[in-house]
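K.L.:
Dropping the sequence and predicted coords here.
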Amino acid sequence: MTPLFETMQGATPILIHIPHAGRLIPAGFDRTRLADPDAFDRACELTRDRHADTLGMETAQSLDATIMLNHASRMWCDPERYPDDREEMNRAGMGAIPIRDIDGHPLYQPGQSPGMRERGRRFRLLYTPWHQLLDAQCGLMLDTFGQCTLLDIHTYPKTPHPYEPHSDEPRPQAIIGHNGDPAGRALASRLASLLLGRGLTIGINTAYKGSMTPDTIHDTRLASIMVETRWDTAADPDARRMITDAIRRLMEARI
């Protein structure tokens, strides 16, 4: 039985965070409540970060990094969405527990959307333990190594989905996100330079912005950047090698 998520432990202060590559819908999900099962399946596939798991694994192997890999579909529960007013995707019905498909149509029949009890169950199964693990892994690295770098790995299509809030912004081969802190900004700038030097087109905080960080850790020794790679680029083994090599060089200089 496939777990909802798993961790593969490395030996360096680097955490590869892959929250959106999964396809798994947990047992017990009642498809008869869906407004359009085909639209749900389509949303599961089109919102999945294609090749992110492959890119993340290859990057982790080159760095002996720790991996957090989510196997669950984000259309069942998205562990990287805030459950409160900080989350802009709540307005599109694509928050931690999505209730709309990529075209903005209701996922569930009238009166059948997940209520508080079901939302709580999904949080207990995935969202809460995922964040507890993220906090624990980052805290362990800070305690053990005196530093931690979180690499938030995602991929995206050439054409934006209808629900995307920044669909008018550039979609180069890769986008590096940071949260505006000095460490994240410096890492993002350096990685962008390394990737540009390999002939890739790059953006920083364009169509996708920011990077995941633990809610409970506020420590300047922790740096986080998001590495978003366009689907066609992530599917190319040569391009993945370029990205992996650039990240390896970036991390070697930091460690």
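P.N.:
It's in.
K.L.:
where along the stretch 51-200 of the chain do the helices fall?
P.N.:
52-63, 116-122, 128-145, 182-196 (DSSP state H, counting those that start in this stretch).
K.L.:
Looks like residue 125 contacts residue 4 (just checking).
P.N.:
Yes - Residue 125 lies in contact with residue 4 (CB atoms under 8 Å); the separation is 6.2 Å. Quick note: C-beta positions are derived from backbone N, CA and C, even for glycine.
K.L.:
Can you pull the residues that touch both of the two?
P.N.:
Common contacts of residue 125 and residue 4 (CB atoms under 8 Å, 6 or more residues apart in numbering): residue 26.
K.L.:
Each with direction, which strands does the helix or strand containing residue 228 pair with?
P.N.:
If you go by DSSP states H and E, residue 228 is part of strand 222-230. When pairing is defined by DSSP bridges, strand 222-230 lines up against strand 148-156 (parallel), strand 174-177 (antiparallel).
K.L.:
Check whether residue 95 really touches residue 81, as I assumed.
P.N.:
Yes - proximity of residue 95 to residue 81 meets the contact threshold set by CB under 8 Å, at 4.9 Å.
K.L.:
what do those two both touch?
P.N.:
87, 89.
K.L.:
re earlier: would you convert the strands paired with strand 222-230 into JSON lines that also reports mean neighbour count?
P.N.:
JSON lines is the format used below for the strands paired with strand 222-230 (neighbours: other CB atoms under 10 Å):
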{"stretch": "strand 148-156", "mean neighbour count": "26"}
{"stretch": "strand 174-177", "mean neighbour count": "24"}
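K.L.:
Could you point out which of the helices of the stretch 51-200 of the chain sits nearest residue 153?
P.N.:
helix 52-63 (4.4 Å; CB to CB).
K.L.:
Quick one: distance of the closest one to the chain centre.
P.N.:
Helix 52-63 has its C-alpha centroid displaced from the chain centroid by 14 Å (CA atoms, centre = their mean, to the nearest Å).
K.L.:
Mind giving me the packing neighbours of that helix?
P.N.:
strand 14-18, strand 66-70, strand 148-156, helix 231-234, helix 237-254 (3 or more CB pairs under 8 Å, 6 or more residues apart in numbering; DSSP states H and E).
K.L.:
Present those as CSV; the columns should include distance to residue 185 and mean pLDDT.
P.N.:
CSV is the format used below for these (distance: least, CB to CB, whole Å; pLDDT from 0 to 100):
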stretch, distance to residue 185, mean pLDDT
strand 14-18, 18, 98
strand 66-70, 24, 98
strand 148-156, 14, 98
helix 231-234, 23, 98
helix 237-254, 13, 96
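K.L.:
ok so, going back, and among the helices of the stretch 51-200 of the chain, the most buried is which?
P.N.:
Ranked by mean neighbour count, the helices of the stretch 51-200 of the chain are led by helix 52-63 with a mean of 21 (mean count of other CB atoms under 10 Å).
K.L.:
Pick out the residue closest to the middle of the chain.
P.N.:
Against the mean C-alpha coordinate of the chain, by CA atoms, centre = their mean, the closest residue is residue 19 at 4.2 Å.
K.L.:
quick one: that residue and residue 50, what's the gap?
P.N.:
14 Å (CB to CB, to the nearest Å).
K.L.:
what sits up against stretch 230-239?
P.N.:
Stretch 230-239 has contacts (CB under 8 Å, 6+ apart) with 50-52, 54-55, 155-158, 171-174, 200, 229, 240, 243.
K.L.:
Straight-line length of it, end to end?
P.N.:
11 Å (CA to CA, to the nearest Å).
K.L.:
go on, stretch 47-58?
P.N.:
Start-to-end, stretch 47-58 (CA to CA) is 22 Å.
K.L.:
cool, and stretch 199-216?
P.N.:
38 Å.
K.L.:
Centre of the chain to it, how far?
P.N.:
On CA atoms, centre = their mean, the centre of stretch 199-216 falls 10 Å from the chain's centre.
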